[in-house]
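>>> Below: sequence and its predicted model.
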Amino acid sequence: MASASLVGAQTLQTLCYFNGTNGAEPSAALVLGSDGNFYGTTWYGGSSDNGTVFMVTTNGTLTTLVSFAYTNGAQPGAALTLGNDGNFYGTTSGGGGDVDGGYGTVFMVTTNGTLTTLVSFNGTNGAEPEAALTLGNDGNFYGVTSFGGNSDDGTVFEVMTNGTLTTLVSFNGTDGGNPVAALTLGPDGNFYGTTSGGGGGVDGGYGTVFMVTTNGTLTTLVYFNNTNGANPNAALTLGNDGNFYGTTSYYGGGDSGTVFMVTTNGTLTTLVFFNGTDEANPEAALTLGNDGNFYGTTSEGGSGNDGTVFCLLSPPPVIIVQPQSQTNNAGATVIFSVSATSLMPMSYQWQKNGTNLLNGGNLSGATTNALTITGISDSDAATYSVIVSNALGSVTSSNATLTVNDLPFIFTQPLSQTVGVGSNVTFTTMAFGAPPFVFQWYYNHSPVGSPTSGTNVSSYTLTNVQTNQSGNYSVLVINGLDSVMSSNAVLTVQVFPPCIGIQPSSQRVMVSSNVSFSVSVSGTAPFNYQWRFNSANLLNATNAVYAIQAVAATNTGNYSVVVTNLAGSVTSSNALLTVIVPPTMALQLLAGYPVLNLDGMLGNNFVVQYSTNLAGTNWINLLSLTNLSSSPYEFLDPAGVDQPARFYRVFMQ
């Protein structure tokens, strides 16, 4: 489908010529810098003929930033990657060691040409990185080496900007081998890539597609088997649909390669088998155009067998999961669903026996990926399929058959229950099948109540149940075709012992006040109550609430209640009643001196004050007593003998 034509008057401008001294044989793409200039590499040339890193302006001014000297790297064959810090990061496939002893490097270069070798590979940790680095969401760089690692089948690595190298994966041949293409960062934060070989099979396999997490967990998504392609040598391209698209260089039916799509769960769809006449042997990654189509190249094929540029029109939708046949009971709800993928928006049209369906009645979702049919009957028994379309075509799913079972079927069995004496109990069942239904409930295999009919739901209710109603309850469902008995629902009627939910609360009240204590109890009624004072039973205190009118100091103490029913008893916690008696003072004169007698509650704190003016507010502390140990408490005010006269008062704190 490739063709060439001249559009308008196009002008080609050569910006620079390499001459060996300034570089030779550039083989990787240019990268646009944040300064508007372009940065790239040459495989050979430079002062030591080991390759260069260069910058070129849009007017063709070439600046050689780095001439590799082998010890710091050699033969950079991949594009540079722009880091978050504005510097460029790249790889050399060789060098980085002694002469004839280097396995490649990872380097950083600034826009002014300062080179920093971050990693020198040594074979064990990888060898011959041929692909560009990929910047991760964490600001680190991820890449592959074609060889090296534990089995010399290549590695996946992570490198930080400070040069810390982590080998994430050492391929072993079985799980892939010899990755030569850059990783692709997925929307899930994981990296996706290809190995050109390995993965099992004859002569070591035909390559793989893999996913690797940032912590090094490898998942092989696809094993190429020659028939579906062989030797993927290019990076994957992320499509608008969230799937990955790529190429294999060989086989695929004509030994000329393929274009494929793979989902993140490893479902492979071969989109194109090249035939060698028009196109053959793609070696590079695809590029997604603004029109939603993919563009790429083949290294061979075409009229002169010298390669092509091709456009892969966005394909019609691809069905990943077909709708499945179902057998269900009349009255049930069924859902047919399809899973499809497309680079373009998709539409759906469900069909019944080849006729388009509309929403309405018991149908919904007729133009979505899931068709719902509620309350199915014999009229719904049919063959269902769905047409999935996009702007470039459509695909029809396989047929899914709905079989409707008219025999009665108990969808919701009655449930066993454990309740207390006096409770109300309801058993419920739901049946499917061909209506009408008749329900007959049973207790211990004997009919109870009258048969009911009408809907496909039936309930049986017992009120104020007693222990003699414990047993097995079931229901017989009948329609015009057959009958079916439910499973037994066991009713257990128990007398639950009392359990105190809310304990009586401690209280502090003034003498002569009214006070009451209460308790909240769960369990099986009826309950008997016996209130106690300091562990002794109180007369006529047999209700859930115990009240005391006009409390006196003698009522101070601990109150509790014993609650009893047929299943047992429970004793509440103590509630302390504190009756507050206001303090009093008596005054007498002894040899002209005022002597005061304080009568107050033991163990409490008191403050005695005096004032020379009852109408005033200036009361002065005379005495503070902590934890009164005896009452009455007598004390002398030696200053009270003088004028003016003093008035006294006391507070309990």
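In hand now; what should we look at?

>>> So what's the residue count around Gly139?
11 (other C-beta atoms under 10 Å). Heads up, the C-betas are built off the backbone N, CA and C, glycines and all.

>>> so which strand or helix has it?
Assigned by DSSP states H and E, Gly139 belongs to no helix or strand.

>>> Next, Ala550: secondary structure please.
coil (DSSP: H, G, I helix; E, B strand; the rest coil).

>>> wait, it sits on Val509?
No. Here Ala550 does not reach Val509: they are 10.5 Å apart, not a contact under C-beta atoms under 8 Å.

>>> and those two? which has more neighbours close in?
Shown here are Ala550 and Val509; by other C-beta under 10 Å, Val509 has more neighbours (16 against 10).

>>> Which per-residue confidence value corresponds to the residue most central in space within the chain?
Compute the mean C-alpha point of the chain, and by C-alpha atoms, centre = their mean the closest residue is Asp188, 12.6 Å away. Reading off the confidence values, Asp188 has pLDDT 94.

>>> OK, contacts around it?
Contacts for Asp188 (C-beta atoms under 8 Å, 6 or more residues apart in numbering) come out as Thr264.

>>> how close does it get to Thr194?
Per C-beta to C-beta, to the nearest Å, Asp188 is found 18 Å from Thr194.

>>> swap in Val395?
Taking C-beta to C-beta, one finds Val395 at 27 Å from Thr194.

>>> more neighbours, these two?
Using other C-beta under 10 Å, the more surrounded residue of Val395 and Thr194 is Thr194, with 31 against 18.

>>> helix, strand or coil for the more buried one?
Under three-state DSSP, Thr194 comes out as strand.

>>> With Phe107 instead?
Going by three-state DSSP: Phe107 is strand.

>>> List the residues that contact the residue nearest to it when sequence neighbours are not counted.
Nearest residue to Phe107, sequence neighbours excluded (C-beta to C-beta, 6 or more residues apart in numbering): Thr117, at 5.3 Å. Residues touching Thr117, when contacts are defined by C-beta under 8 Å, 6+ apart, comprise 72-73, 96, 105-107.

>>> Asn329 too?
Asn329 sits in contact with 376, 404-407, 409, 411, 432-433, where contact means C-beta under 8 Å, 6+ apart.

>>> and with 6 Å instead?
By C-beta atoms under 6 Å, 6 or more residues apart in numbering, Asn329 lies in contact with 405, 409, 432-433.

>>> how far away is it from Phe496?
39 Å.

>>> Please apply the same query to Gln326.
Distance from Gln326 to Phe496, by C-beta to C-beta: 46 Å.

>>> can you check Ala391 too?
68 Å.

>>> Who has more neighbours out of the two?
Neighbours of Ala391 and Phe496, each counted by other C-beta under 10 Å, are more numerous for Phe496; the result is 17 against 13.

>>> Could you pull up the contacting residues of the more buried one?
Neighbour list for Phe496: 420, 523-524 [criterion: C-beta under 6 Å, 6+ apart].

>>> go again using 8 Å as the cut-off
420, 522-524, 567.

>>> of these, closest to Leu168?
Ranked by distance to Leu168 (C-beta to C-beta), these are led by Ser522 at 59.8 Å.

>>> any idea of the pLDDT on that closest one?
pLDDT, Ser522: 91.

>>> That one pairs with what?
With DSSP bridges as the criterion, Ser522 is bridged to Cys499.

>>> So it versus Tyr546, what's the distance?
19 Å.

>>> what is the mean pLDDT for stretch 272-292?
On average, stretch 272-292 scores 86.

>>> List the residue ranges of the chain that fall below the pLDDT cut-off.
1-10, 98-101, 201-204, 252-254 (pLDDT under 70).

>>> and if we set it to 50?
1-8, 202 (pLDDT under 50).

>>> Let me know the secondary structure of the nearest residue to Asn359 once chain neighbours are set aside.
The shortest distance from Asn359 to any non-neighbouring residue, by C-beta to C-beta, 6+ apart, is to Ala366 (5.0 Å). Secondary structure assignment for Ala366 (three-state DSSP): coil.

>>> hang on, Ala366 packs against Gln349?
Yes. Contact criterion C-beta under 8 Å: Ala366 and Gln349 qualify, at 7.3 Å.

>>> quick one: contacts for Gly20?
44-45, 49.

>>> ok, of these, which come out buried?
44-45, 49 (16 or more other C-beta atoms under 10 Å).

>>> Buried by neighbour count: which residues of stretch 118-133 qualify?
118-121, 123, 125-133.

>>> re the thing from before, when Ser522 and Tyr546 are compared, which one has more neighbours?
A direct count of neighbours by other C-beta under 10 Å for Ser522 and Tyr546 places Tyr546 higher, at 23 against 14.
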